[in-house]
Each structure stands twice: as C-alpha cells, then as structure tokens.
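> Give me a model of this one.
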Amino acid sequence: MKRETDPNYMQTAGRAIDILNCFAHGEPLSLTSISKRTGLSASVTFRLLYTLIKHGFVNQMAESKLYFIGDQAVLLGLAGVNERKIVKVGYDLIWEWSQQNGHSITISSLIGNQAIVVARVNTLLDERDMTRVGRVAPLHRGASQRILLAYMEQEAQNSYIESLYIENSAKDALRKDLAEIRDRGYDYTEGMLTKGVWSISLPIFSTSRKIEGSLCTGGVIGETSPEDIQEHLDQLRRLQRSVQEKMNRD
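Reported below is the predicted structural model:
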C-alpha cells in the first residue's frame, strides 16, 4: 500500500524519518541540501529539523549552520548493532578464536543494501587497517562485503549491481565473480579495499537461510605464504561452523 492511501501512515513522522535517512552516509548537510533530498519545502524542513534537534536526533554546527546526526540517533544505532543476533552469538567466539590464532577478525552485517562492521577483534596495530565498528563499505568492494552481495537474493543483487555507476562489462565481471564466490563458498581478495592487505571471508546465515553477515580475516600481502593463507581459511571455516551452529541453536 502506498503511503498516500494508507490510513495508518502518519505523514509528519514519515517526513522526519526521511530527513534522518539523509544522514545515512555521515556527512553534515545544509538546510537546502536536506530540502532537495526529501522534496520538502525549506520551511517544513526547518521545522522538522528544529523538532529533531529538540529531541537530540540532530545537531547543528554553530558557525556553518550545517546539520549532523545527534547523540540520540547514535545511541539508537548502537543499541541496534548490539541487539543483532550475529553480534550476540558471535562476539565471544571471535574473541576466543582471535586469542587462540593471533589473527584479527571482523563480523560484518548486511543492513539494507550496505555492509556494516558490527564486531571487530584487532590483534595488529597497522596504519593500513582502517576497519572499525560502524564502518560502512560498498557491497561490491572487499571480501567481507562481496560475500554478502554474493548470497543476497537474486532480485536484490541485480538491483544493486544495476545501480552502480560502472561499465556494463564491469557489471558482467562482477556477476561472474559473485557466481564463483557462491560456488567455492568463500571470497579472497588482495588490496581491493585496503592497499597491501589480503582478506578471506565466509558467510553466516540466519535461521531462515538468508545471508546475515560475514566473518573476515586477513594479513599483509607478501608476508603470508599460500600455505599460511590456506591455514587461515581452514581456521576460519571452523569458526564459521561454530558461529553458524550457535546461530541455529539460540
């Protein structure tokens, strides 16, 4: 049912949510920019922003007058991350795995059409390592993201690929890569998202067999032999089984 014909839909609340969604990429925005993105008049946009500021969901910079996400929205986002089953089930397991193997490990989750890091145990201090909880990355770049795209429902996957501003030949190559990822059950990349770093990822599924998230580990290119990488993959597969079993049980 469309919003306009849904008797239970509250238009003012929906407009406020549309404004909050403008901040999904984290950058500060002007009143004019928000008004254009939402299709609302400047006066309506201003009043909604004013209300959101009063409730702590939006803040405004004193000098530039740009708007940015507020503390209350951050708290809700963090609560949402911590309540995700893959985090509740997986964090203790990845912590134990990391302590035993000495490798960094990341859990990313599929939220809408984005890959978001929801848990991370880092054993190395490396300036090239920009991975942190809350980081958002494109689904078609990097092992921990591409594994999510590979196992998305076909319609959603096609829609995402068609939305990319890349050549048709690149879209065809991406589809081929995703098919190969599904066939082998994991993804391996070198320097695709972080220069000088290789990554291996495996999928985690919900109880309804939909893709829920990914496990990803990696290392520095040139410092790890093919045999070491195979050992990493074997270790990660054991962790995958443990997380998946607990996901299905709890």
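
> mind listing the strands for the chain?
58-60, 67-69, 105-111, 114-121, 136-137, 187-190, 197-205, 211-220 (DSSP state E).

> Isn't P138 up against S144?
No - contact criterion Cβ atoms under 8 Å: P138 and S144 do not qualify, at 11.3 Å. Any C-beta I mention is one placed from the backbone N, CA and C, and that applies to glycine too.

> of the two, who's got more company?
S144 (28 against 15; other Cβ atoms under 10 Å).

> That one touches T217, doesn't it?
No - using Cβ under 8 Å, S144 makes no contact with T217, being 9.3 Å away.

> Spit out the residues that contact those two alike.
106, 199 (Cβ atoms under 8 Å, 6 or more residues apart in numbering).

> Need the contact partners of the worst-scoring helix or strand of the chain on mean pLDDT.
Within the chain, no helix or strand scores below strand 136-137, which has a mean of 82 by mean pLDDT, DSSP states H and E. Under the criterion Cβ under 8 Å, 6+ apart, residues 25-26, 108, 114-117, 144-145, 193 lie in contact with strand 136-137.

> Stretch 64-78 now?
Residues contacting stretch 64-78 (Cβ under 8 Å, 6+ apart): 20, 23, 26-31, 34, 49, 52-53, 55-61, 134.

> ok, now stretch 33-47?
15, 18-19, 22, 29, 31-32, 48-49, 67.

> Just give me the closest of the residues you listed to Q235.
Of all the contacts of stretch 33-47, Q235 sits closest to C22, with 41.7 Å by Cβ to Cβ.

> which residues of this protein score low on pLDDT?
1-4, 124-130 (pLDDT under 70).

> Could you pull out the helices in it for me?
11-21, 31-38, 42-54, 71-82, 85-101, 143-150, 154-163, 168-184, 226-249 (DSSP state H).

> Share the number of residues neighbouring R135, please.
14.

> how about CSV for the contacts of strand 136-137, with distance to S169 added?
Putting those into CSV (distance: Cβ to Cβ, whole Å) gives the following:
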residue, distance to S169
H25, 28
G26, 32
S108, 28
Q114, 25
A115, 24
I116, 29
V117, 31
S144, 25
Q145, 21
L193, 21
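
> Just the buried residues from the residues you listed, in PyMOL please.
This is the PyMOL syntax for the buried subset of the contacts of strand 136-137, where burial follows 16 or more other Cβ atoms under 10 Å:
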select buried, resi 108+114+115+116+117+144+145+193
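
> List just the nearest of the contacts of strand 136-137 to R175.
Q145 (15.5 Å).

> wait, what's in contact with the nearest residue to that closest one once chain neighbours are set aside?
Distance criterion Cβ to Cβ, 6 or more residues apart in numbering; nearest residue to Q145, sequence neighbours excluded, is A115 at 4.1 Å. By Cβ under 8 Å, 6+ apart, the contact set of A115 is 108-109, 136-139, 144-145, 148, 214.
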